[in-house]
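Asks: Next come a sequence and a model predicted from it.
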Amino acid sequence: MGMGDRPGAVLFACGQNVIRSPIAAALAKSMFRATLYVESAGVKAGDADPFVEAVMEETGIDMAGHNPKTFDQLEDDFFDLIITLSPEAHHRALEMTRTMAVEVEYWPTMDPTLVRGSRTQIMDAYRQVRDGLLERIQKRFAGPGSPSG
């Protein structure tokens, strides 16, 4: 599968499945629900992040039901593509390629929890992550003639 090919099943992965991977999965699901199976996972367990709910609510996506899970908690591990958003997730995904026929792409994505400042500054950091992932997802999966919906 090349960079322009459209997979049927995608896993977005990050450190704790709390911010980056659930945002990416929710965006991809909202755009390609009918044509793409999407999941998300983290290397280790984490707790839901209220800033994620807030920035995704701005796009009309409800994240209140998201329960962070690890790679080991995935019910299905048959993916065509794993998109990793953090170094630790990338290493874990590369380990999976030893026993699975799966492509791995690394999309380095900032951790917005590292931003300090006012609530507005923190929200802006989360929006930057959301918007950057949205742009990459659109470019990666909405190729010429691809249905989006």
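Replies: Nice, thanks for sending it over.

Asks: rest of the way, CA atoms for contacts and neighbours
Replies: Noted.

Asks: What ranges does this protein have for its helices?
Replies: 20-32, 50-57, 87-96, 119-141 (DSSP state H).

Asks: pLDDT below threshold where in the chain?
Replies: Judged by pLDDT under 70, the chain has its weakly predicted residues at 1-4, 143-149.

Asks: Provide the backbone phi and psi angles at the residue with the largest distance to the centre of it.
Replies: Most distant from the centre of the chain: residue 118, at 25.7 Å, with distances by Cα atoms, centre = their mean. Main-chain dihedrals, residue 118, degrees, to the nearest 10: phi -70, psi 170.

Asks: rewinding a little: need the helices of the chain in TSV (columns: mean neighbour count and distance to residue 41).
Replies: Output for those, formatted as TSV (neighbours: other Cα atoms under 10 Å; distance: least, Cα to Cα, whole Å):
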stretch	mean neighbour count	distance to residue 41
helix 20-32	23	7
helix 50-57	18	15
helix 87-96	18	9
helix 119-141	16	16
